[in-house]
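Mind folding the following:
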Amino acid sequence: MDLEKRPPGRPQEPPPRRSDPEGCVAAAIRVPVRIVVLVLVVPVRMAWDLLVVAGRFLRDTVLRPAGRALAWLGRALFVWPLVGLWRYVVVPLGKGLAVLGHVLLVVPAVWLHTWVLAPAGRAIAWCAAGVGAVLAAVGRGLYAALTLLGRYLVVVPATWLYAWLLTPLGHALAWCGRGLAWCGKGIARGLGLVVTGIGTVLYWTLRILLVLPALALWRWVLTPVGRVLAVIGREVLDALGHGWRIAGHVSRAFGRFLGTLWRWAVAEPARWAYRTVLTPVGHAVRNTVLRPLAEAGRAAGRATRQALAAARLTVRQTRADLRRALFGPPPEARRADRREPSVAEARTLGSSTTALTKD
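Numbers count the residues shown, from 1 in each chain. You can find the predicted model right below:
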């Protein structure tokens, strides 16, 4: 008795059945194969992930910087010298050779073609046209003569030979050939019947001895074995894919475990030590040792610079005193008077400053 009430509507459908004809074989093979494959694939996947991590680390830390350095070195050793050679040597040299070739070859060749070869060619063409006209007239006469000779020496005798000799002979040979063809057709029909009988006997013999056993072997032995092997192969491939995915999850979990272990065993203690121990110690060393040393160094530098400036000034004054004692004081430079002339010395219309009219 059904104690639960079913909701109104369409009746419940039975669960769909698998359409796999090899269900028992697949179910019997799937679990052991997946267990064996998982045991074999997990170390391989973990080794693969480890190699991937190592390869990425090697690529980011070694190969990529080395590649960039090699690329820069290649540009510095090959590309830039070649570009400079091309730009500053080959291109100017090519342009110079092009100009030289134009001047030495193209211009003389154009002049030779314009003033020598073209007139000579026109003259040769005119002469050739005249000679060609003469040869054409002679050729037409020879062609007419040869045509008449060929007609009366070849065509007329060949027509007579075909009409009165070859045609009757061909009719006789055709009549003989039809007779021989009728005889050969009868012989061929008899041989065909014999060959057909032999072929039928050989066909049924080969069919009974070879084809039917091979067909039975294919249908009742090879086909079932192939289906079983196909099921086994499919299950092995599915197991490999499943095991590879599970191994990936296992490897990822193991990697996260190692990362967490490294974080709590090394990174966090190092960070704590850096923040709580090394940073205060560094600040204390900076404030108590490095800064006073830097201030003392700067003060010593300032004192040294001042002492050197005073020494340079003393040396300069001593050298000036020695030069003054040996050679005397330097002559004073005569300053040009740039002021306007006085009223008495100013030039007027009634006076002149030249030597001829000066009072």
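
For the helix or strand where Leu51 lies, buried residues please.
Element membership of Leu51 [criterion: DSSP states H and E] is helix 23-58. For helix 23-58, burial by neighbour count (16 or more other CB atoms under 10 Å) applies to Ala26, Ile29, Arg30, Val33, Arg34, Val37, Leu38, Val41, Val42, Arg45, Met46, Asp49. Any C-beta I mention is one placed from the backbone N, CA and C, and that applies to glycine too.

Per-residue pLDDT of the third one, please?
Meaning Arg30. Listed pLDDT for Arg30 reads 73.

and what of the last one?
pLDDT recorded at Asp49 is 85.

Not counting its neighbours along the chain, what's nearest it?
Ser251 (4.5 Å; CB to CB, 6 or more residues apart in numbering).

downstream neighbour of the helix or strand hosting the one you found in the secondary structure list?
Following DSSP H and E, one finds Ser251 within helix 223-262. Going down the chain from helix 223-262, the next helix or strand is helix 268-273, by DSSP H and E.

Alpha carbons of that following helix, as CSV, please.
Extracted C-alpha coordinates of helix 268-273, given in CSV (Å, rounded to 0.1, in the frame of the first residue of the first chain):
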residue,chain,number,x,y,z
GLU,A,268,56.1,34.3,9.2
PRO,A,269,59.0,33.8,11.7
ALA,A,270,61.2,35.8,9.4
ARG,A,271,58.6,38.5,9.0
TRP,A,272,58.1,38.6,12.8
ALA,A,273,61.8,38.8,13.4
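
pLDDT of the helix holding Ser251, averaged?
86.

So which other helices or strands are in contact with that helix?
Secondary-structure packing of helix 223-262 (3 or more CB pairs under 8 Å, 6 or more residues apart in numbering; DSSP states H and E): helix 23-58.

Any idea how far the helix or strand that the helix it packs on is followed by is from the middle of the chain?
Under the assignment DSSP H and E, the closest C-terminal helix or strand after helix 23-58 is helix 64-74. In terms of CA atoms, centre = their mean, to the nearest Å, the centre of helix 64-74 is found 19 Å from the chain centre.

And the residue most central in space within the chain, how far from Trp244?
Note on the chain: the residue nearest the mean C-alpha position is Ala71, at 16.9 Å, using CA atoms, centre = their mean. Distance check for Ala71 against Trp244: by CB to CB, to the nearest Å, it reads 37 Å.

ok, now Arg286?
55 Å.

out of these two, which sits in the busier spot?
Trp244 (16 against 11; other CB atoms under 10 Å).
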